[in-house]
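*Asks:* Sequence and predicted structure, then a few things I'm wondering about:
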Amino acid sequence: MDFVLLMRGVASLAGIAVVATITDITAGALIGGLLLTGPGIRSTALVGGLITVLALALAVVEQRDARTRPGGCADRPTPRQETPYGADRPRRPIGAGLAGSARPGAPRR
């Protein structure tokens, strides 16, 4: 049941990403077309730069807001919780149990 809910969440996030991409492409073409027919080709670089600066400023403000929010920031690591199998412990790297099997002369399992 949990897997189905996880896959639904992944599918909905993928759908949102596709819609955002299509909207970005459409909005860019619309703004560019309006600028070409109006002020001219030189204005497209100016407006593109202004949109980039606006996006950067929005990202900086959002980061500052996230650091002062009571819930914390997504960049900060969350405290580790104890698992049902005991306290958190270092895990072995993937394939650590297979390390000796590739040597010549190693016994087969």
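*Replies:* Structure's in. What do you need?
*Asks:* Quick check: buried residues in the helix or strand where residue 55 lies?
*Replies:* Using DSSP states H and E, residue 55 sits in helix 42-68. Residues residue 44 are the ones in helix 42-68 that count as buried (16 or more other Cβ atoms under 10 Å). (Glycine included, C-beta is placed from N, CA and C.)
*Asks:* Begin at 868, not 1, for the rest of this chat.
*Replies:* In the new count, where the first residue is 868, that last one comes out as helix 909-935.
*Asks:* Dihedrals phi and psi, residue 908?
*Replies:* Main-chain dihedrals, residue 908, degrees, to the nearest 10: phi -70, psi -30.
*Asks:* tell me the contacts of it?
*Replies:* residue 902 (Cβ atoms under 8 Å, 6 or more residues apart in numbering).
*Asks:* and residue 906, which of the three is it?
*Replies:* Counting by DSSP: H, G, I helix; E, B strand; the rest coil, the backbone at residue 906 sits in coil.
*Asks:* How many residues are close by it?
*Replies:* 12 (other Cβ atoms under 10 Å).
*Asks:* got the buried residues for the helix or strand of the chain with the lowest mean pLDDT?
*Replies:* Least confident helix or strand, the chain: helix 869-904 with a mean of 85, by mean pLDDT, DSSP states H and E. Using 16+ other Cβ under 10 Å as the test for burial, helix 869-904 gives residue 902.
*Asks:* I'd like the average pLDDT over stretch 935-948.
*Replies:* Stretch 935-948 shows a mean pLDDT of 59.
*Asks:* again, but for stretch 913-931
*Replies:* 92.
*Asks:* quick revisit: can you name every helix or strand that the helix holding residue 922 contacts?
*Replies:* helix 869-904 (3 or more Cβ pairs under 8 Å, 6 or more residues apart in numbering; DSSP states H and E).
*Asks:* Convert stretch 904-914 to CSV, retaining C-alpha atoms only.
*Replies:* Once non-C-alpha atoms are left out, stretch 904-914 reads as follows in CSV (Å, rounded to 0.1, in the frame of the first residue of the first chain):
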residue,chain,number,x,y,z
THR,A,904,7.2,43.1,-32.4
GLY,A,905,7.3,46.0,-30.0
PRO,A,906,10.6,47.5,-28.8
GLY,A,907,12.9,45.4,-30.9
ILE,A,908,15.5,42.7,-30.5
ARG,A,909,17.8,44.5,-28.1
SER,A,910,15.1,44.6,-25.5
THR,A,911,15.0,40.8,-25.3
ALA,A,912,18.4,40.7,-23.7
LEU,A,913,17.5,43.4,-21.2
VAL,A,914,14.2,41.8,-20.2
